[in-house]
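1. Predicted model and sequence follow; I will ask about them next.
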Amino acid sequence: MLPAVSRMAFGALQRRAFSASARDLSKVAVLGAAGGIGQPLSLLLKLNPRVTELALYDIRGGPGVAADISHVNTKSKVTGYEATPSGLASAVKGADVILIPAGVPRKPGMTRDDLFNTNASIVRDLAKACAESAPEANLLIIANPVNSTVPICAEVYKARGVYNPKRLFGVTTLDVVRASRFVSEVKSTDPKDENITVVGGHSGVTIVPLFSQSKHPELSSNAEIINRVQFGGDEVVKAKDGAGSATLSMAMAGARMAESVLRAAQGEKGIVEPTFVDSPLYKDQGIDFFASKVELGPNGVEKILPVGEVNAAEEKLIEACLADLKKNIAKGVSFVESNPGK
């Protein structure tokens, strides 16, 4: 049973979306649907009335998860696909949005980069299937390390001549969700009233909260809360004691990002989400991808918003972010060059 807060949140989501006409509803595919993120993500998407068709794929367990979720009393059709090349192709064909949470979770002592070799291969192969069977879909990457897996997808799409930078997103929504929650704990406010801009990437020091642009600019000198936003995932890994990483909160963040992409695709204006995309903001420094606020539209990325004014402390955080981010991106590009796969 969903906790009360989740029921309230998705009740609001449903009330917004029920006004959409049938032609506005969409096919959404989840690749890695039987995993720790994939299962709750698929459940949340089943609760989203904008989703008419939900396609669930995994290397094992996809049809079982689909059978389970299909009993939820919302209108969308749920189909689980077998772990075969044809099953994967069918899962993504005709999809408007594809989410990739597939991959192995972090364990205590592991960084996101420790996951690289395993998850890089998984994401590369899934991206190939998407490029071949659904090149026009909005591709939302959750699999870590996002700073590297998004460039991997870009290289795979480029190799097949179907790369559209407006359709590729790294899901960094959880960083903003965490920032608003952590600030609300410190300030005794409602998290929904906190609007914390977070830029950069999606790991460690590449996560840069810009408190100077919030209602609490004094927090930009608070090293403790900055560190907590940057390394909040470690809290979960430690608390789960080897049993996984952030799955439930990540699923919520992924569902929120998918909802925003769908709303924008269906013509709603002014939809802005933080996301890691092919960005012009720091290309002059050799950094092709960067997370910032992005205005979404029917074609995906509509406008990439500037970072805006930052203070001296945040300038230093951005400098540290850019140094790491450049390496992370290069690692993803280099992986595809050295390991093109079949």
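-> Ah, there it is. Numbering: from 1, shown residues only.
2. my read: residue 233 touches residue 246, true?
-> Yes: using C-beta atoms under 8 Å, residue 233 is in contact with residue 246, at 5.2 Å. For every residue, glycine as well, the C-beta is placed using N, CA and C.
3. need the helices for the chain, in chain order.
-> 4-17, 38-46, 62-69, 85-92, 116-133, 146-159, 173-187, 223-230, 232-239, 248-265, 312-338 (DSSP state H).
4. who are the neighbours in contact with residue 220?
-> Neighbour list for residue 220: 210-212, 226, 311, 313-314 [criterion: C-beta atoms under 8 Å, 6 or more residues apart in numbering].
5. Check what contacts stretch 275-291 and list those residues.
-> Residues outside stretch 275-291 that contact it (C-beta under 8 Å, 6+ apart): 146-147, 150-151, 154, 165, 168-173, 175, 198-202, 257, 274, 292, 294, 301, 304, 306-307, 322, 325-326, 329.
6. measure that stretch end to end?
-> End-to-end distance for stretch 275-291: 5 Å, by C-alpha to C-alpha, to the nearest Å.
7. For the contacts of residue 220, work out which two are farthest apart.
-> With C-beta to C-beta as the measure, no two of the contacts of residue 220 lie farther apart than 226 and 311, at 12.4 Å.
8. These two - which one has more neighbours?
-> The residue with more neighbours, out of residue 226 and residue 311, is residue 226; 22 against 15, by other C-beta atoms under 10 Å.
9. Not counting sequence-adjacent ones, nearest residue to the more buried one?
-> Sequence neighbours aside, residue 209 is the residue nearest to residue 226 in space, at 6.2 Å (criterion: C-beta to C-beta, 6 or more residues apart in numbering).
10. I'd say that neighbour and residue 196 touch.
-> Yes: with contact defined as C-beta under 8 Å, residue 209 counts as touching residue 196 (5.7 Å).
11. Need the overlap of contacts for the two.
-> Contacts common to residue 209 and residue 196, judged by C-beta under 8 Å, 6+ apart, are residue 179.
12. quick one, which of the two is more surrounded?
-> For residue 209 and residue 196, the more surrounded residue by other C-beta under 10 Å is residue 209, and the numbers stand at 29 against 25.
13. what residues are up against the more buried one?
-> 175, 179, 196-198, 225-226, 229-230.
14. partner residues bridging the residue nearest to residue 226?
-> Beta-bridge pairing of residue 209 under DSSP bridges involves residue 198.
15. The helices of the chain into a markdown table, with extra columns for distance to residue 139?
-> What follows is those, written out as a markdown table (distance: least, C-beta to C-beta, whole Å):
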| stretch | distance to residue 139 |
| --- | --- |
| helix 4-17 | 22 |
| helix 38-46 | 15 |
| helix 62-69 | 19 |
| helix 85-92 | 9 |
| helix 116-133 | 6 |
| helix 146-159 | 6 |
| helix 173-187 | 15 |
| helix 223-230 | 26 |
| helix 232-239 | 22 |
| helix 248-265 | 10 |
| helix 312-338 | 14 |
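16. would CSV of these with mean pLDDT be doable?
-> What follows is these, written out as CSV (pLDDT from 0 to 100):
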stretch, mean pLDDT
helix 4-17, 48
helix 38-46, 98
helix 62-69, 98
helix 85-92, 98
helix 116-133, 94
helix 146-159, 98
helix 173-187, 97
helix 223-230, 97
helix 232-239, 93
helix 248-265, 98
helix 312-338, 97
